[in-house]
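J.: okay, sequence plus prediction incoming.
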Amino acid sequence: MSTKNDQQGPVVLAADGKGPWDSPDSGEPSSATGRGGGSKPDPVNPWDPTPGPAGRNRSRGPSLEDLLRRKGGGFGGLPQRPDGKSWFPLIIGALVALWLVWTSIHRIGPEQEGVVTQLGKYSRTVQPGIQFTLPAPLQSITKIDTQQIQTTSVGSPKASSENLVLTKDQSIIDMAYDVRWSIKEPELYLFQLDSPQETVKEVAESAMRAAVANYDLTQAIGPGRGAIELEVRRRMQQVLDEYRAGVLIQSISIRQSDPPAEVNDAFREVNAAQQRRESYLNDARAYASRVTELALGETAEFDKIYVQYRAAPEVTKRRLYYETMEQVLGKVDKTIVETGGVTPYLPIPEFQKRTTPKAEPVTVTGTKK
């Protein structure tokens with residue numbers, strides 16, 4: 001029995017060998033009584049979440065070990081097949097088959113090529129169509145679009161981002177251009193260079209500076225653009241082939257080739273004046289060419305007539321006279337009067353006056369033979 005001081009103070013427990021959480025003796029009934037006396041109530045463990053007195057049969061949920069011991073090999077809630085076997089092997093087999101199909105059969109598009117790697121090492125390159133590989137992770141395939149034309153822009157037409165290049169005559173121009181390229185060897189494109197796009201851009205800048213250095217300012221901003229584009233393309237392809245980049249340069253297109261912004265207006269005026277000068281020179285050359293061709297034609301005609309004149313001088317003179325008079329009198333209003341009187345004639349000049357501009361009349365007097 002325990003004694004308790006009525007006043008405040010520590011509680012003294014009887015030294016009967018049992019604590020408040022000890023179970024009572026086996027077979028000894030226990031009942032809860034009031035505060036005043038009677039038998040002690042059964043002690044309750046405050047850390048035991050299961051209600052009810054200690055030592056008695058209490059309901060507990062199934063443990064993980066119990067679940068694993070049930071039929072189904074860990075899938076206790078999975079129904080069994082009609083023959084009593086588990087569905088687990090079939091599920092595993094279906095997953096393995098799906099994994100094999102998904103990682104072994106590949107469709108390569110008509111504009112693509114596939115690069116196959118075996119344990120991370122290059123194995124082969126496959127062409128468009130249905131292709132087969134070993135399942136992952138033994139082999140994997142990377143699809144590369146070899147028909148797509150990619151564009152890398154260098155410089156900008158805005159004044160805030162200039163791309164200054166030095167010309168042959170020590171002048172500075174601001175250039176902006178586009179590089180169009182494609183992939184011709186996918187395996188080299190994937191594994192040879194760390195950043196192929198940056199490499200293409202840097203090679204383009206280097207090739208453009210080397211090409212512009214062979215042209216003066218007037219050619220670089222005007223008629224020499226086409227030649228510069230061809231030379232840059234040739235230089236870029238040569239360097240990229242040496243790098244084994246697997247890249248094919250399609251074309252170079254210069255979008256801007258102007259002097260720096262500070263002097264751009266003055267250079268445009270000079271360029272316009274040079275273009276006008278070239279236009280006037282071209283017109284003069286064309287006129288000189290026409291006059292020269294006409295003179296050469298007349299000279300050849302005179303040589304032919306001179307040969308005929310030496311053979312028959314009188315006949316040639318009369319023929320030339322008739323041809324000349326026909327050209328002169330064919331366009332004027334004329335009246336022919338013979339000696340010995342006026343011969344009646346149809347009023348043809350009156351009809352000609354109505355259809356042709358008025359011309360001064362010409363009177364021709366001849367001797368009747």
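T.: Good, I have the coordinates.
J.: list the contacts of M236.
T.: V179, V200, V203, A204, A207, I249, I252 (CB atoms under 8 Å, 6 or more residues apart in numbering). Every residue, glycine included, has its C-beta placed from N, CA and C.
J.: then R107?
T.: G129, I130, Q131.
J.: so which of the contacts of M236 belong to strands?
T.: Among the contacts of M236, the members found in strands (DSSP state E) are V179, I249, I252.
J.: tell me the one of the contacts of M236 nearest S140?
T.: Nearest to S140 out of those is V200 (CB to CB; 26.1 Å).
J.: give me the number of residues near that closest one?
T.: 21 (other CB atoms under 10 Å).
J.: likewise L217?
T.: 21.
J.: what's near enough to touch it?
T.: With CB under 8 Å, 6+ apart, L217 has these contacts: T167, D169, S171, I173, P259.
J.: how about it, phi and psi?
T.: Backbone torsions for L217, taken as degrees, to the nearest 10, come to phi -60, psi -40.
J.: could you check how far it is from D169?
T.: Going from L217 to D169 by CB to CB, to the nearest Å gives 6 Å.
J.: for R310, same thing?
T.: 61 Å.
J.: same check, this time on S153
T.: Going from S153 to D169 by CB to CB gives 27 Å.
J.: likewise E162?
T.: To D169, E162 is 19 Å away according to CB to CB.
J.: which stretches of the stretch 201-350 of the chain form strands?
T.: Using DSSP state E, counting those that start in this stretch, the strands found in the stretch 201-350 of the chain span residues 247-258, 334-338.
J.: buried sites along the longest one?
T.: So the one you mean is strand 247-258. Using 16 or more other CB atoms under 10 Å as the test for burial, strand 247-258 gives V247, L248, I249, I252, I254, S257, D258.
J.: so what sits opposite the last one in the bridge?
T.: Beta-bridge partners for D258, by DSSP bridges, are D174.
J.: before we move on, what about the second one?
T.: In this structure, L248 has beta-bridge partners S182, where bridges are defined by DSSP bridges.
J.: got the domain ranges for this protein?
T.: Following automatic domain parsing, one finds the domains of the chain at 102-144, 150-259, 333-369.
J.: what sits against the closest residue in space to M208 that isn't next to it in sequence?
T.: Excluding the flanking residues, the one nearest M208 by CB to CB, 6 or more residues apart in numbering is V232, at 5.3 Å. Counting by CB under 8 Å, 6+ apart, V232 touches Y177, A204, A207, M208, A211, I252.
J.: so for V239, which of the strands of the stretch 201-350 of the chain sits nearest?
T.: Comparing those by CB to CB, strand 247-258 comes nearest, at 9.9 Å.
J.: do you know how far A227 is from R277?
T.: For A227 relative to R277 (CB to CB), the value is 22 Å.
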